[in-house]
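Trainee: I'd like to go over a predicted model; first the sequence, then the structure.
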Amino acid sequence: MALYRAFKAFRPEKSKQALIPALPYDVMNSDEAREMVKGNPYSFLHIDKAEIDLPNGTDIYSDEVYKKAKENLDNLEKTGALIQDKKPCFYIYRQIMNGRSQTGIVGCASIDDYMNNVIKKHEHTLAIKEQDRIRHVDTCNANTGPIFLTYRKNDVISNAVNDWVNSHEAVYDFVADGVTQTVWAIDDDDIINTVSNEFAKIDALYIADGHHRCASAVKVGQKRREEKPDYTGDEEFNFFLSVAFPDDELEIMDYNRVVKDLNGMSREQFLDAVSNSFEAEKVDTQYKPTKRHTFGMLIENDWYKLTAKDSIIDESDPVKRLDVSILQDNLLSTILDIDDPKTNDRIDFIGGIRGLDELERRCKDDMKLAFAMYPTSIDDLMSIADANLIMPPKSTWFEPKLLSGIFIHHLS
């Protein structure tokens, strides 16, 4: 049973609806963020990447950066650019990108559900990344970026969302980076109770994206509990900001691979080695896989369609049957000696949003080889999380990204 509750969000004053929200902090570097905020003092990047307001060369993990983030957040609230709702609400957050929409419920999930595995994970987290967000959340006393959750569709919740959207005016409606962002605030206690009660019937929530932010938010909550041993469990620090989407509205995009070299082999030697595990068919143009266990491969301006042989496919194992696993276990590792794709500097990863042209560009620029992947499915993600297993690195790419700064959840 999942605990999901309404909260009193700080959110942009309506005239600032398109000025404050920003892409997540981890999709750009500091220099890119500085360029993105030029002429916009309201951008939430001033909070999520506060080093942009400090001298160049400032250590992004220094105390000054986290203090500046809090100062900038406090300033947006004190000047009225961010306003707080007077009562706890759920919020409907709809994004439309290239004609496809996804609509989620913004609320607060429980740190206990995370610790008890009601909120299920499919990735390991890195301590250094956790520590950064722990310090950011703790210093700002707020969750500033929502965790991207999904759940198996619940008709009562979907009907409540649709009824509200059809009968109420949106509080925000703007376009950012080509994506339409629309928000409604659910302030009716009966509807709020209905949504909460339906979430309580859901066996599991799944982290789609944001494992590091989620783990960090939970650890801040645990830290606050240690500091307040008489806590009741109802305090805001026991909860973290999330957007929960039904699984049938989400789409995972391909997460493609590029490799610097052929591990000392000639093209002929490499193709011969590949033929042990894959059927290789040369094609006349770019090849984007249209079904599982097929891959596009680009080498020296030539595209191939690779089809995994039955002998290397284990459909009984939810991890090994993934295409990212099949490619890793039977080509990247065995032929190219890329055993750990997380640390090996001979491989890079390109989100499907950038298309196959980006693979061709990289192969002309600094890479030798590219692989176009068929996307991992939401069912795969859920099956792996249900089995308490971990997906291989760079298995999923979600678009559109959830913006930060539309909703802020204070911990006290």
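Mentor: Good, I have the coordinates.

Trainee: quick check, K70 in a strand?
Mentor: No: counting by DSSP: H, G, I helix; E, B strand; the rest coil, K70 is not found in a strand; it is helix.

Trainee: wait, it sits on D138?
Mentor: No: using C-beta atoms under 8 Å, K70 is not in contact with D138; the gap is 9.8 Å. Using the backbone N, CA and C atoms, a C-beta is placed for each residue, glycine as well.

Trainee: all strands for the stretch 151-300 of the chain, in order.
Mentor: For the stretch 151-300 of the chain, the strands defined by DSSP state E, counting those that start in this stretch cover 172-176, 179-186, 205-209, 239-246, 252-253, 255-259, 278-283, 294-299.

Trainee: Highest mean neighbour count out of those?
Mentor: With neighbours taken as mean count of other C-beta atoms under 10 Å, the strands of the stretch 151-300 of the chain reach their highest mean count in strand 239-246, at a mean of 25.

Trainee: what comes into contact with that one?
Mentor: Residues from elsewhere that reach strand 239-246 (C-beta atoms under 8 Å, 6 or more residues apart in numbering): 4-5, 7, 93, 102-111, 143-154, 157-158, 199, 205, 208, 214, 217-218, 221, 402, 407-409.

Trainee: Just send the strands of the stretch 151-300 of the chain back as CSV, with distance to M391 and mean pLDDT too.
Mentor: Formatted as CSV, the strands of the stretch 151-300 of the chain follow (distance: least, C-beta to C-beta, whole Å; pLDDT from 0 to 100):
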stretch, distance to M391, mean pLDDT
strand 172-176, 29, 98
strand 179-186, 25, 98
strand 205-209, 11, 97
strand 239-246, 18, 98
strand 252-253, 11, 96
strand 255-259, 11, 98
strand 278-283, 22, 98
strand 294-299, 18, 98
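
Trainee: Redo the ones you listed as CSV? Include distance to K309.
Mentor: Conversion of these to CSV gives the following (distance: least, C-beta to C-beta, whole Å):
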stretch, distance to K309
strand 172-176, 45
strand 179-186, 40
strand 205-209, 32
strand 239-246, 36
strand 252-253, 25
strand 255-259, 20
strand 278-283, 6
strand 294-299, 12
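
Trainee: Quick one: closest of these to E268.
Mentor: Nearest to E268 among those is strand 294-299 (11.0 Å), distances taken as C-beta to C-beta.

Trainee: Extract the C-alpha set from the closest one and format it as CSV.
Mentor: Output in CSV follows, covering the C-alpha atoms of strand 294-299 (Å, rounded to 0.1, in the frame of the first residue of the first chain):
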residue,chain,number,x,y,z
THR,A,294,17.6,-6.3,-33.1
PHE,A,295,20.2,-3.5,-33.3
GLY,A,296,21.5,-0.9,-35.8
MET,A,297,25.3,-0.9,-36.1
LEU,A,298,27.2,1.8,-37.9
ILE,A,299,30.9,1.2,-38.9
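
Trainee: so which of the strands of the stretch 151-300 of the chain gets nearest C89?
Mentor: strand 179-186 (4.9 Å).

Trainee: what's in contact with that closest one?
Mentor: Here strand 179-186 has contacts from 6, 21, 85, 89-97, 106, 164-165, 168-175, 192, 195, 400, 403, 406, using C-beta under 8 Å, 6+ apart.

Trainee: now the residues you listed: which count as buried?
Mentor: 6, 21, 85, 89-97, 106, 164-165, 171-172, 174, 192, 195, 400, 403, 406 (16 or more other C-beta atoms under 10 Å).

Trainee: any idea how far K201 lies from P289?
Mentor: 37 Å (C-beta to C-beta, to the nearest Å).

Trainee: Give me the more crowded residue out of these two.
Mentor: Using other C-beta atoms under 10 Å as the criterion, K201 and P289 rank with P289 on top: 19 against 11.

Trainee: Between the strands of the stretch 151-300 of the chain, which one is closest to H124.
Mentor: Short answer: strand 205-209, nearest of the strands of the stretch 151-300 of the chain by C-beta to C-beta, at 12.1 Å.

Trainee: Can you classify L336 as helix, strand or coil?
Mentor: Per three-state DSSP, L336 ends up coil.
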